[in-house]
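[1] Pasting the sequence and the predicted coordinates here, then a few questions.
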Amino acid sequence: MNYFFSLLLTLFYSASCFGGIATEVSLRDKIGQMLLVGFDGKKINAQSPIVKKIEENNIGGVILFDYNYHTKTFDKNIETPEQVKKLNHELQYFAEQGNLKHHRIQLPLLVSIDYEGGQVNRLGEQYGFPPTLSAAEVGKRSAKEAETTAESMAHTLKTAEFNLDFAPGLDVNVNPDNPVIGKKERSFSRAPKQVIRYASIYTHHFLNQKIQCAYKHFPGHGSSTRDSHLGFVDVTDTWQTYELEPFEFLLNSPEACGVVMTAHIVNRQLDPSGLPATLSHKVLTDLLRNQLHFRGVIITDDMQMKAISDSYGLEQALVLAINAGADMLMFGNNLSVPTQDPVQVINIIEAKVQSGEINQERINEAYQHIVTLKKSLN
């Protein structure tokens, strides 16, 4: 009897050890989870480049677009509701298969989109999706009407099998002539309390459908006079401290989005060095993490936007962003710069960790934030 009991214990112990080995996460797999990338194609199969990248490199997420900057046509990823749902379903399926093949923990792929409503809306009526309202229009309406709009958008995302929306925007409409926020009607209001009111409605409906959401663009893009897609943007003289109020309030609410997206803006009021917020330890760690107590995932706005790509080399930008506190790095592969191979990014980050330029603990911390976020999707 004792013999069999001892044998059972030995087998259990062996299985536990094996399980530990099987679930050990490599540095490269952790780095892969830190990437969210764009790709070409409305259909995929096992041989598609994006499928192979996800499977072989444990890529954390993808982002879908309708307009294709390189072909100057609307042929990127979106055609009809049925096509998008099939594409998203298959992306998730191939991610699961890759995890099985490589004995990785089963974390869902983040399948994301910019779906704010109004002008920033990749799921337009022209493709067969329901109509939406811009944030500015919603901000003029009653809370009840905002509830209806947010509920409809959440349902659209859920049906299409997205699990992350880069919305709602918390930018306060400080400058109505702002070419990237005010002019595009992307702000709910010039009053922080109104931004909080409407953004909280969107947050509730997204999370209610198990759609994670992202507050953007930290620490506030509403006062800018230029577009960071096109180059250097400095808000030092125009930024108002009340632009932080929506972030401060919502991040400490019982119901809060699990992601904050950074802005590629220089704000010497917050970081006298002149580093863009995306690359600033003072903004992302000292302010967002330590002062505002955010514990979720910090994701960069697209690292290929000219505010970053024209001023910083890829290696320098990666080191600065990660050391600043960014957990995920977005490469939308839909701007004027060449397509970015995620393997090159992983290689660079791995080398920087090995050289000591990036602390491995920073990678571990980012990975844990991502795992926690993804577990919230179940």
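    Structure's in. What do you need?
[2] what number of residues lie near Q97?
    14 (other Cβ atoms under 10 Å). Every residue, glycine included, has its C-beta placed from N, CA and C.
[3] what's the distance between it and V51?
    Relative to V51, Q97 is positioned 9 Å away (Cβ to Cβ, to the nearest Å).
[4] what does A307 give?
    A307 is 31 Å from V51, by Cβ to Cβ.
[5] How about I59?
    I59 sits 10 Å away from V51, going by Cβ to Cβ.
[6] These two - which one has more neighbours?
    I59 (25 against 21).
[7] which residues touch the more buried one?
    32-33, 35-37, 53, 109, 342 (Cβ atoms under 8 Å, 6 or more residues apart in numbering).
[8] Tell me which entries of those lie within strands.
    Using DSSP state E to define strands, the subset of the contacts of I59 located there is 35-37.
[9] Who wins on neighbours among the residues you listed?
    Neighbours here mean other Cβ under 10 Å. Within the ones in strands among the contacts of I59, the largest count is held by L36, at 27 neighbours.
[10] residues touching the closest residue to that residue other than its chain neighbours, list them.
    The shortest distance from L36 to any non-neighbouring residue, by Cβ to Cβ, 6 or more residues apart in numbering, is to G61 (3.9 Å). Residues in contact with G61, defined by Cβ under 8 Å, 6+ apart, are 35-37, 109-112, 164, 328.
[11] Can you report phi and psi for G61?
    Here is the backbone geometry of G61 (degrees, to the nearest 10): phi -170, psi 170.
[12] Relative to K76, how far out is it?
    Counting by Cβ to Cβ, the gap from G61 to K76 is 16 Å.
[13] Please apply the same query to P130.
    Between P130 and K76 the computed distance is 20 Å (Cβ to Cβ).
[14] One more: G332?
    10 Å.
[15] same deal with S376?
    28 Å.
[16] Tell me which of those two has more neighbours.
    Using other Cβ under 10 Å as the criterion, S376 and K76 rank with K76 on top: 22 against 13.
[17] Pretty sure the more buried one sits against Y67.
    Yes: counting by Cβ atoms under 8 Å, K76 does reach Y67; the two are 6.2 Å apart.
[18] pLDDT weak spots in the stretch 151-300 of the chain?
    The model of the stretch 151-300 of the chain has pLDDT under 70 over residues 227-232.
[19] Which residue ranges of it form strands?
    Applying DSSP state E, counting those that start in this stretch to the stretch 151-300 of the chain gives strands spanning 164-165, 212-218, 259-262, 297-299.
[20] The residue nearest the centre of the chain: what's its closest spatial neighbour, skipping adjacent residues?
    Taking Cα atoms, centre = their mean, the centroid of the chain lies closest to I299, which sits 4.9 Å from it. Leaving aside its sequence neighbours, I299 sits nearest to M328 (Cβ to Cβ, 6+ apart; 4.1 Å).
[21] Give me the phi and psi for that neighbour.
    Dihedral angles (degrees, to the nearest 10) for M328: phi -130, psi 150.
[22] List the contacts of it.
    34-36, 60-61, 297-300, 366, 370.
[23] okay if I get those as TSV plus distance to I105?
    TSV is the format used below for these (distance: Cβ to Cβ, whole Å):
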residue	distance to I105
M34	15
L35	17
L36	18
G60	12
G61	15
V297	17
I298	22
I299	20
T300	24
A366	15
I370	11
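[24] quick one, helices of the stretch 151-300 of the chain?
    For the stretch 151-300 of the chain, applying DSSP state H, counting those that start in this stretch gives helices covering 192-208, 245-251, 281.
[25] and if you look at the stretch 1-150 of the chain?
    With DSSP H, counting those that start in this stretch as the criterion, the stretch 1-150 of the chain has helices spanning 2-23, 27-33, 49-57, 81-101, 135-138, 143-159.
[26] which residues are in contact with the third one?
    Spelled out, it's helix 49-57. In contact with helix 49-57 (Cβ under 8 Å, 6+ apart) are residues 28, 32, 35, 37, 39, 41, 44-45, 59, 62, 91, 94-95, 97-98, 101-102, 109, 342-343, 346.
[27] Run the chain-centre distance for that helix.
    Distance of helix 49-57 from the chain centroid (Cα atoms, centre = their mean, to the nearest Å) equals 19 Å.
[28] For it, buried residues please.
    By neighbour count on 16 or more other Cβ atoms under 10 Å, the buried set for helix 49-57 is 50-51, 53-55, 57.
[29] Name the residues contacting each of K76 and Y67.
    In contact with both K76 and Y67: N334, using Cβ under 8 Å, 6+ apart.
[30] before we move on, the earlier item: mind listing the shared neighbours of G332 and K76?
    By Cβ under 8 Å, 6+ apart, the residues touching both G332 and K76 are 38, 65.
[31] about what we covered before: could you dump the buried residues of helix 49-57 to a markdown table with pLDDT?
    Converted to a markdown table, the buried residues of helix 49-57 look like this (pLDDT from 0 to 100):
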| residue | pLDDT |
| --- | --- |
| I50 | 97 |
| V51 | 97 |
| K53 | 97 |
| I54 | 97 |
| E55 | 97 |
| N57 | 97 |
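[32] out of these, which one sits closest to S200?
    The closest of those to S200 turns out to be I54 (Cβ to Cβ; 33.5 Å).
[33] From V37, how far off is the closest one?
    From I54 to V37 the distance is 9 Å (Cβ to Cβ).
[34] Need the overlap of contacts for the two.
    V62.
[35] now F65, nearest residue through space, not along the chain?
    For F65, the closest residue by Cβ to Cβ, 6+ apart turns out to be K76, at 4.3 Å.
[36] What does the pLDDT read for that neighbour?
    Per-residue pLDDT puts K76 at 96.
[37] Distance of it relative to G325?
    To G325, K76 is 30 Å away according to Cβ to Cβ.
[38] Quick check: which element contains E365?
    Using DSSP states H and E, E365 falls within helix 360-375.
[39] buried ones in that helix?
    Residues 362-363, 366-367, 369-371, 373-374 are the ones in helix 360-375 that count as buried (16+ other Cβ under 10 Å).
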